[in-house]
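**Student:** I'll drop the sequence and a predicted model, then ask my questions.
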Amino acid sequence: MIRCDVRRRSAMSAGRLVLLMVGAGAQGFAASPGPQGVWPVNPIAAPRDQPYVGPIRLDVDASHLMHRTVHVRETIPVGGPDLVLLYPKWLPGTHAPEGEIDRLAGIKMSADGAPVTWTRDPVDVNAFRVHLGHHATSVTVEFDYLSPIGAQFGALEMSPDIALLEWNELVLYPAGYYTRQIPVDAALTLPADFRFGTALEAETTAGATTHFKRTMLETLVDSPVYSGRYAARIDLDPNGKAPVHLDLFADRPDELAASETQIGAYRSLVQQAYKLFGSHHYDHYDFLFSLSDQVQQQGLEHHQSSEDGSDPESFVKWDATAFDRDLLPHEFTHSWNGKFRRPADLWTPNYDVPMQDSLLWVYEGQTEYWGQVLAARSGLRTQQQALDQLALFVAYYGSLSGGGWRSVADTTNDEIINPRRPQSWADYQRFEDYYVVGSLIWLDADTLIRERSNGARSLDDFARRFFGINDGSFVTVTYTFDDVVKALNAVEPYDWAGFLRERLDAVGKPLPLDGLKRGGYRLVYSDVPNDLETASEQQRKRVDLRFSIGVEIDDKDSPGQLSQVMWGSAAYRAGLTAGGRILAVNGVAYSADQLKFAIRAAHDQGKPIEIIVQTGDRFSVARVDYTEGLRFPHLERVGAEKSTLDQILAPRS
């Protein structure tokens with residue numbers, strides 16, 4: 001009783017104190033000195049799922065390639081006295097606010113033919129408030145999009161022979177509506193001798209201008225256009241359920257020379273994907289594939305197409321370019337995983353609502369897994385090349401020091417934190433590990449399902465169950481973490497929630513390699529690189545010594561240029577950093593062979609390697625204390641029984 005009274009008295013005293021504080025404030029306690037917050041008084045309308053008043057007329061002139069500029073003119077119906085136009089900020093596929101608003105110039109607006117003024121929203125700089133001043137039926141907007149004129153200004157989208165066009169860079173759209181409710185009539189003018197590829201359907205073509213069939217803004221932005229002077233279109237599924245084409249654009253006409261064997265591998269990719277997912281979610285699909293070192297080499301997914309870029313010699317030097325051949329399988333997989341089925345917190349109603357990336361280890365991680373698997377199953381890579389790539393993944397991501405302070409789950413924020421800007425210490429900062437480490441988690445899951453079911457079931461069954469639903473439907477179906485766990489349990493009952501969280505949230509633990517072990521392989525090192533790595537080094541003119549002294553060197557433009565130094569490595573301890581340039585090794589002018597010779601000699605003699613380095617206008621001598629010799633990763637078979645990993649990589653009949 002006494003204790004109870006004490007507690008009651010304490011509570012009453014606390015309550016009186018709160019009342020006194022509130023009362024004092026109400027009686028005029030002065031606000032603290034200093035500025036007070038000012039909040040927007042005219043917020044931008046939230047998107048509503050209702051039809052816009054009419055179609056936007058969008059005319060894009062991309063015929064001025066010498067200056068790398070695109071002129072845009074659009075006419076937008078007006079549904080009321082207020083109009084706010086938005087420039088896309090949060091972009092599908094990049095999972096981040098990467099809209100290049102700074103590239104717009106020369107913005108002019110008029111309403112029913114009379115000039116009107118506009119002001120940029122003071123809070124959201126991607127929003128433009130149009131001051132109509134009178135009732136208007138339409139607003140005409142003109143602006144120029146200034147594509148980068150050099151690599152120092154951003155990834156190159158145009159060259160004299162190729163133009164890569166994304167509609168999200170070329171449109172302003174009305175606030176307050178879902179993008180799937182805004183119709184657009186788009187027209188595109190290209191150089192007269194250019195051909196193009198896109199998932200959009202052409203309605204009419206007159207000279208160099210093509211008018212596309214009316215579509216919704218959501219579909220337009222999801223349907224980029226690749227174009228070029230030297231182009232080829234290859235049918236990858238003749239007489240198939242839905243047309244699939246490989247649209248090639250090259251710097252030179254001879255780089256388009258694809259053999260029947262090479263085309264056969266891409267045709268096999270389509271069939272192996274159908275066997276995996278058991279469905280498709282497009283009425284036609286286009287791989288937009290640039291073979292160029294004059295424009296950016298990227299991969300970006302879309303529902304009915306993908307943006308792909310690779311080495312100009314991808315076909316003419318087929319045997320030397322297998323290192324990049326998982327690109328199209330990865331982006332094709334996204335038609336199912338990412339575009340048709342999408343994380344619920346990543347789907348947004350328009351391009352200015354923030355995205356959340358918490359499930360990128362499914363969206364990108366499982367796509368990375370299937371990209372590697374389908375590259376092998378289709379014959380785009382040999383099984384040995386697939387194993388070589390996996391060895392490089394396991395070696396590199398197993399050596400990252402960033403795992404000591406960051407989880408894989410935390411890296412799903414990386415696109416928002418750092419939209420792929422260069423990093424000083426990439427292995428320590430850890431960047432987008434949800435791709436490759438995510439794929440290793442899914443290898444772990446695949447082999448565990450196979451082990452528990454005695455080979456009766458696999459992750460293929462999950463793919464068909466989860467991504468293969470609603471065959472032929474274009475309507476996006478969202479999912480949550482619980483949906484993923486439920487689908488896994490339907491394939492093989494297990495504590496999948498615990499399995500995933502343990503691997504995603506771990507900090508300071510080894511790389512999840514149970515899948516490699518169950519698959520029948522282990523990581524080993526030798527003093528000779530595997531064949532895939534050798535081809536990559538020769539074609540890209542890079543020297544990969546990350547697993548010995550801890551450096552990667554780019555010899556393409558400036559021999560000896562340090563592109564990466566591994567945190568805590570022997571090179572790091574000697575004071576080397578990325579950006580420096582190796583001039584000499586043990587008193588002899590730098591070459592890749594001389595550096596490798598010095599590493600071998602240090603192993604035999606037990607002496608440090610002396611390296612002269614230039615960093616800016618400073619020269620220094622670094623003594624790298626390393627005596628373990630050259631180390632390159634390989635996968636080695638374990639045991640005599642049939643390998644589960646070999647079965648995973650084998651084509652489906």
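**Tutor:** Done, it's in.

**Student:** phi and psi next, for the closest residue to Glu432 other than its chain neighbours.
**Tutor:** Nearest non-adjacent residue to Glu432, counting by CB to CB, 6 or more residues apart in numbering: Asp414, 5.0 Å away. Yep, even glycine has a C-beta here, placed from its N, CA and C like the rest. In terms of degrees, to the nearest 10, the main-chain angles of Asp414 are phi -60, psi -40.

**Student:** Asp414 contacts Gln423, doesn't it?
**Tutor:** No. With contacts counted by CB atoms under 8 Å, Asp414 stays clear of Gln423, the gap being 10.0 Å.

**Student:** need the overlap of contacts for those two.
**Tutor:** Residues touching both Asp414 and Gln423 (CB atoms under 8 Å, 6 or more residues apart in numbering): Phe431.

**Student:** who has more neighbours, the two?
**Tutor:** Asp414 (23 against 15; other CB atoms under 10 Å).

**Student:** does the residue nearest in space to the middle of the chain count as helix, strand or coil?
**Tutor:** Central residue of the chain (CA atoms, centre = their mean): Thr94, 5.4 Å from the mean position. Following DSSP: H, G, I helix; E, B strand; the rest coil, we place Thr94 in the coil state.

**Student:** spit out the contact partners of it.
**Tutor:** Neighbours of Thr94 in contact, by CB under 8 Å, 6+ apart: Leu300, Glu415, Pro419.

**Student:** could you check the pLDDT of it?
**Tutor:** Note on Thr94: pLDDT of 94.

**Student:** and it, backbone torsions?
**Tutor:** Torsion angles, degrees, to the nearest 10, at Thr94: phi -100, psi -20.

**Student:** same thing with Arg195?
**Tutor:** phi -110, psi 160.

**Student:** can you tell me the closest non-neighbouring residue to it?
**Tutor:** In space, Arg195 is closest to Ala231, 4.1 Å off (CB to CB, 6+ apart).

**Student:** what does the helix or strand harbouring the one you found rub up against?
**Tutor:** According to DSSP states H and E, Ala231 maps onto strand 230-235. Applying CB under 8 Å, 6+ apart, the contact partners of strand 230-235 are 161, 194-197, 243-253, 255-256, 258, 263, 266.

**Student:** partners of that strand in the sheet?
**Tutor:** strand 244-250 (antiparallel) (DSSP bridges).

**Student:** so what's the gap between the partner strand and the chain middle?
**Tutor:** For strand 244-250, the separation from the chain centroid amounts to 21 Å (computed by CA atoms, centre = their mean, to the nearest Å).

**Student:** does anything pack onto the next helix or strand after that strand? Which helices or strands?
**Tutor:** Next in sequence after strand 244-250, counting helices and strands by DSSP H and E, comes helix 260-277. If contacts are counted by 3 or more CB pairs under 8 Å, 6 or more residues apart in numbering; DSSP states H and E, helix 260-277 sits against strand 244-250, helix 327-333, helix 365-378, helix 459-467.

**Student:** run the last query once more with 6 Å
**Tutor:** Packed against helix 260-277, as judged by 3 or more CB pairs under 6 Å, 6 or more residues apart in numbering; DSSP states H and E, are the following elements: helix 365-378, helix 459-467.

**Student:** phi first, then psi, for the closest residue to Asp471 other than its chain neighbours.
**Tutor:** Closest residue to Asp471 apart from its sequence neighbours, by CB to CB, 6+ apart: Ser279 at 3.9 Å. The phi/psi pair for Ser279 (degrees, to the nearest 10) reads phi -160, psi 180.

**Student:** got a pLDDT number for Ser279?
**Tutor:** Confidence score, pLDDT, at Ser279: 97.

**Student:** so it is in contact with Gly468, correct?
**Tutor:** Yes. Assessed by CB atoms under 6 Å, Ser279 is found in contact with Gly468 at 4.2 Å.

**Student:** returning to what we had before: adding mean pLDDT and mean neighbour count, write the helices and strands packed on helix 260-277 out as TSV.
**Tutor:** Shown next, in TSV, are the helices and strands packed on helix 260-277 (pLDDT from 0 to 100; neighbours: other CB atoms under 10 Å):
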stretch	mean pLDDT	mean neighbour count
helix 365-378	98	25
helix 459-467	98	21
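
**Student:** can I get those helices in a markdown table with distance to Lys89?
**Tutor:** Converted to a markdown table, those look like this (distance: least, CB to CB, whole Å):
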| stretch | distance to Lys89 |
| --- | --- |
| helix 365-378 | 24 |
| helix 459-467 | 28 |
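
**Student:** any buried residues in stretch 185-202, and which?
**Tutor:** Of all the residues in stretch 185-202, those buried under the rule 16 or more other CB atoms under 10 Å are 185-191, 194, 196-200.

**Student:** out of those, which two sit at the greatest distance?
**Tutor:** Asp185 and Pro191 (22.4 Å; CB to CB).

**Student:** which strands and helices sit next to whichever helix or strand Val60 is part of?
**Tutor:** Element membership for Val60, per DSSP H and E: strand 56-64. Here strand 56-64 touches strand 69-77, strand 183-189, going by 3+ CB pairs under 6 Å, 6+ apart.

**Student:** let me have these in TSV, extended by mean pLDDT and distance to Thr210.
**Tutor:** As requested, the helices and strands packed on strand 56-64 are exported to TSV (pLDDT from 0 to 100; distance: least, CB to CB, whole Å):
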stretch	mean pLDDT	distance to Thr210
strand 69-77	98	15
strand 183-189	98	5
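
**Student:** thanks again, I'm all set now.
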